[in-house]
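Participant: sequence first, then the predicted structure:
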Amino acid sequence: MNTLQKFELMEKIVRELEDLQNSQTALIQKIGKIEVDNIELGDGRLEKDLPDIHQNLADNLDTISGILDYFAGKTQNFGDKNNVDALKEQEAINNATS
């Protein structure tokens with residue numbers, strides 16, 4: 001795998017982590033809505049289990065956010081260190097002349 005391919009794969013992983021973060025946020029919002037609805041309903045099982053689910057999702061979101069911050073920084077540093085913009089330009093020139 002060449003440097004540009006590695007960088008593109010790293011960028012893909014960053015996008016997937018962002019998507020995972022957004023999905024986790026949506027799940028937390030959905031659980032919150034169910035918890036609010038259950039205030040009126042008063043189902044005991046939901047009252048017992050939903051807070052734990054909410055907390056687990058929140059903990060996962062914190063972990064995902066930390067990984068995303070770390071890996072986005074690592075990707076940016078890799079791109080800067082390896083002058084990826086110049087590699088992309090060279091690849092575009094090579095593709096245009098082929």
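Facilitator: Done, it's in. Keep in mind it's a predicted model, so treat the numbers as computed, not measured.

Participant: which of the residues in the strand or helix carrying residue 74 are buried?
Facilitator: Residue 74 belongs to helix 44-81 when assigned by DSSP states H and E. Using 16 or more other CB atoms under 10 Å as the test for burial, helix 44-81 gives 46, 50, 54, 57, 61, 64, 68, 72, 75, 79. (C-beta placed from N, C-alpha, C; glycine too.)

Participant: now those in TSV, with pLDDT and distance to residue 86?
Facilitator: Converted to TSV, the buried residues of helix 44-81 look like this (pLDDT from 0 to 100; distance: CB to CB, whole Å):
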residue	pLDDT	distance to residue 86
46	97	56
50	97	52
54	97	47
57	97	42
61	98	37
64	98	32
68	98	27
72	98	21
75	97	17
79	94	11
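
Participant: which among those residues gets closest to residue 4?
Facilitator: Nearest to residue 4 among those, counting by CB to CB, is residue 79 at 9.8 Å.

Participant: any idea how far the nearest residue to the closest one once chain neighbours are set aside is from residue 21?
Facilitator: Spatial nearest neighbour of residue 79, excluding adjacent residues (CB to CB, 6 or more residues apart in numbering): residue 7 at 5.5 Å. Going from residue 7 to residue 21 by CB to CB, to the nearest Å gives 21 Å.

Participant: what is the helix or strand following the helix holding residue 74 packed up against?
Facilitator: Per DSSP H and E, the first helix or strand lying C-terminal to helix 44-81 is helix 84-97. For helix 84-97, the elements it packs on are helix 3-41, judged by 3 or more CB pairs under 8 Å, 6 or more residues apart in numbering; DSSP states H and E.
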